[in-house]
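**Q** Kindly generate the corresponding structure for this input.
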Amino acid sequence: MTAAFFSGKRRRAAAAVGAVSAGLLVLSACDKPTPLATVTVGTNSVSTEAACYNDGAAIKESLIQGCLNKKDGKTVKVAMDDKVRFGVDPEIADNGWTLFIGGQQAEQEPYKKTYRTIPGNAFFASQTGETTNKAQVSIVETDGKKLVGIWHFTLEKTS
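**A** This next block holds a predicted model:
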């Protein structure tokens, strides 16, 4: 004769404890994703996580220029008369964010809202007055004088 070692209730309780433990183990192994930045032109929208991010702390000074000069980022097609919409997660807006074009700061003061619109033609004129076909645009989260996160996008001019 075989005797049951555990009653049905005990087996279910042990299975529930095991499932909770396994779930907590899986969650502890996950990295927290970085906040998202989004660029929208017309009905096309692309979002990306940060190219450089240090969990909300300042990025090391020695890494900043390399992060700003990275040539990665999702590409969005933009006509000269399009409106380019930039959106950031609220935690980015809380600190403030600025746009960099081609690795150079394009504005002096950080923007503190989650959304803004800029005309497409603002991104394709060089300082010499010539037009370009691509623009590397970076959203840079700031906290005072420190850079906290950098998100890259490539805007590609269409006819």
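
**Q** which stretches of the chain form helices?
**A** Assigned helices in the chain, in chain order: 8-29, 61-68, 90-95 (criterion: DSSP state H).

**Q** Those helices: lowest mean pLDDT?
**A** For those, mean pLDDT drops lowest on helix 8-29, to a mean of 52.

**Q** measure residue 149 to residue 89 for me?
**A** Using Cβ to Cβ, to the nearest Å, residue 149 is found at 10 Å from residue 89. Bear in mind the C-beta positions are built from the backbone N, C-alpha and C, glycine included.

**Q** which of the two has more neighbours?
**A** residue 149 (31 against 16; other Cβ atoms under 10 Å).

**Q** ok, that one touching residue 52?
**A** Yes - contact status for residue 149 versus residue 52: in contact at 6.7 Å, counting by Cβ atoms under 8 Å.

**Q** can you list residues touching both of those two?
**A** Here residue 149 and residue 52 share the contacting residues residue 59, scored by Cβ atoms under 8 Å, 6 or more residues apart in numbering.

**Q** so where's this protein uncertain?
**A** Applying pLDDT under 70 to the chain flags residues 1-32, 126-129.
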